[in-house]
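Student: Starting from these lines, generate the structure:
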Amino acid sequence: MHTYRLTPLSLWNAAASGLGAADVASTLTRFSRYPPPQNVLAEIESLVGRWGAIALTAEGAGAGRLCLRIADPAVASTARNHKALGGLLAPLDDGRFAVEAAARGVVKQQLLKLGWPVDDRAGFAPGQPLPIALREVTARGEALRLRPYQRDAVRAFLDGAAGEGSGGHGVVVLPCGAGKTLVGMAAMAALGTETLILATSVTAARQWIAELRDKTGLPAEAIGEYSGDVKQLRPVTVATYQILTRRRGAGFPYFEKLSARAFGLVIYDEVHLLPAPIFRLTAEIQARRRLGLTATLVREDRLEGEVFSLIGPKRFDAPWKEIEAQGFIAEATCYELRVPLHAADRARLPPSASGSSTASSQADGCGRSSPRRSRRGRVRRRSCATTSAIQRGSASRWQPGASASDCWRCSASSSSAPVRACRRRCSGCRRRSPSRPRTCRARRSPTRAGSAP
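Tutor: Modelled structure (predicted):
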């Protein structure tokens, strides 16, 4: 049995790809082991219904401005009175607001933080034209042909949900080895515009350059590397994230130089590794088409919402099992090998080791923590000293199988010297006891704080 978590972003990504609340509910009901609760289905319907309730278009607000349409009057009132949004929205009529083109990204960010995604239909700048064609035979003499799911990914990126023309920005999710780089090059060829490609490192940037020379008809002088070592601003420029975020004073000079060129497409390679400062810079180039490529949308810093609002929703996702079944990627065979871990070895593990504290506490101690209220009413958590000693690597304080006496705090077995009935210090826990009277488990007799042993 697998356990999945439904999040607002996952539902909005599904809605952006053309799925409705009924589709999500039917699929969930079909594959769930137990019938989904009605409140869960109601929450799905509510969240999916938010997609499309706020739309950003280019018509009806005047030159240099965009039109933000909010269907719900209550949400429109909340946005108008919001501290960060109020100064960016100029009321028009019937839930319509004028937004400066430069504030396009910030408005989408703030509305997403309020729990309302924005369907961006404001269009994009065409960029400087650049004819790009994929080779039928690569420079290395291999036949080149797009796979079916790669063609579907390019089509979903360009056309948006159900071919309704809302594409041009978004993320394509494909497993490792499925040809995400080729999807990016096919999008470049379909758009025929100058392109900026952002890679995670110099090595990845040079791999992109090698692939472009091998699989496209672009001449070598049309492809440039922009990194810490080389500064080549070309019609197709491959830069690193690090060079874009390099500061000089209060600004980002390399980003300003790259954004000044009329790139019609920006490709973000491994978008799940996108550095946080790039999001602020991406908010300033919302008029460019943006394509994110990744094998997963999960980020360690929990900034998936920034990817959704600034780069775009997930446009295409192909499960690796389906691609594996078609024979396009190698079949993966997983094995699980369990090895015994003795208590002495477990005690030497650092606290940060995966499962060390939990496993050791479950096997060798109680694993519980004792709440204690301070004089100011704050609840503090105190771990059992048996477990704490193991986490610190002090195996000498407790040895499995030794003669046991009860710990007065948690009843865990301890091999300390006979526990003293002193309320000031209990040798079983090595901690100062509470000031209120308590029964010491060692002697089962009530004692008061400060009394003699």
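
Student: Leu144 versus Ala133, what's the distance?
Tutor: 11 Å (CB to CB, to the nearest Å). All C-beta spots, glycine's among them, are computed from the backbone N, C-alpha and C.

Student: which one of the two has more residues nearby?
Tutor: Of the pair Ala133 and Leu144, Leu144 is the one with more neighbours under other CB atoms under 10 Å, namely 16 against 11.

Student: isn't the more buried one right up against Leu134?
Tutor: Yes. Here Leu144 reaches Leu134: they are 6.4 Å apart, a contact under CB atoms under 8 Å.

Student: show me the contacts for the residue lying closest to Thr240 once chain neighbours are set aside.
Tutor: Residue nearest to Thr240 in three dimensions, not counting chain neighbours: Ser227, with 4.9 Å by CB to CB, 6 or more residues apart in numbering. Ser227 is in contact with Val202, Ala205, Ala239, Thr240, Gln242, Ile243, counting by CB atoms under 8 Å, 6 or more residues apart in numbering.

Student: Repeat the analysis, applying 7 Å as the threshold.
Tutor: Applying CB atoms under 7 Å, 6 or more residues apart in numbering to Ser227 gives the contacts Val202, Ala205, Ala239, Thr240, Ile243.

Student: same question, Gly224
Tutor: Gln232, Leu233, Arg234, Thr237.

Student: Distance of it relative to Asp152?
Tutor: Counting by CB to CB - Gly224 and Asp152 are separated by 31 Å.

Student: Could you do Arg315 as well?
Tutor: 10 Å.

Student: what's the closest non-adjacent residue to the most centrally placed residue in the chain?
Tutor: Most central in the chain under CA atoms, centre = their mean is Arg299, positioned 2.7 Å from the mean C-alpha point. What sits nearest to Arg299 in space, not counting adjacent residues and going by CB to CB, 6+ apart, is His272, at 5.3 Å.

Student: Surely that neighbour touches Leu297?
Tutor: Yes. Judged on CB atoms under 7 Å, His272 makes contact with Leu297 at a distance of 6.3 Å.

Student: between these two, what contacts are shared?
Tutor: By CB under 7 Å, 6+ apart, no residue touches both His272 and Leu297.

Student: quick one on the thing from earlier: out of the contacts of Ser227, who has the most neighbours?
Tutor: Counting by other CB under 10 Å, top hit in those: Ala205 with 25 neighbours.

Student: What lies in contact with the helix or strand hosting it?
Tutor: For Ala205, the host element (DSSP states H and E) is helix 202-215. Under the contact criterion CB under 7 Å, 6+ apart, helix 202-215 has outside partners 134-135, 138-140, 144, 181-182, 185, 197, 199, 218, 220, 223, 225, 227, 229, 236, 238-240, 269.

Student: So which bits of that helix are buried?
Tutor: For helix 202-215, a neighbour-count test (16 or more other CB atoms under 10 Å) marks Val202, Ala204, Ala205, Arg206, Trp208, Ile209, Glu211, Leu212, Arg213, Lys215 as buried.

Student: tell me which element the nearest residue to Glu331 once chain neighbours are set aside is part of?
Tutor: In space, and not counting its chain neighbours, Glu331 is closest to Glu324: 5.6 Å by CB to CB, 6+ apart. Following DSSP H and E, the helix or strand that holds Glu324 is helix 320-325.

Student: circling back to that earlier point, keeping just the C-alphas, turn the helix holding Ala205 into CSV.
Tutor: The C-alpha trace of helix 202-215 is given here as CSV (Å, rounded to 0.1, in the frame of the first residue of the first chain):
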residue,chain,number,x,y,z
VAL,A,202,29.6,24.7,-15.7
THR,A,203,29.7,21.0,-16.4
ALA,A,204,26.0,20.9,-17.1
ALA,A,205,26.3,24.0,-19.2
ARG,A,206,28.9,22.5,-21.4
GLN,A,207,26.9,19.3,-21.7
TRP,A,208,24.0,21.5,-23.1
ILE,A,209,26.4,23.1,-25.5
ALA,A,210,27.7,19.7,-26.7
GLU,A,211,24.1,18.5,-27.2
LEU,A,212,23.1,21.6,-29.1
ARG,A,213,26.0,21.2,-31.5
ASP,A,214,25.3,17.5,-31.9
LYS,A,215,21.5,17.6,-32.4
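
Student: Could you point out the helix or strand that follows that helix?
Tutor: Downstream of helix 202-215 (by DSSP H and E), the next one is strand 223-226.

Student: I'd like the mean pLDDT over that next one, please.
Tutor: Here strand 223-226 scores 95 as its mean pLDDT.

Student: Mind listing the strands whatever helix or strand comes next after it pairs with, and their directions?
Tutor: Using DSSP H and E, the helix or strand that follows strand 223-226 in sequence is strand 236-240. Sheet pairing for strand 236-240, assigned by DSSP bridges, gives strand 195-199 (parallel), strand 223-226 (parallel).
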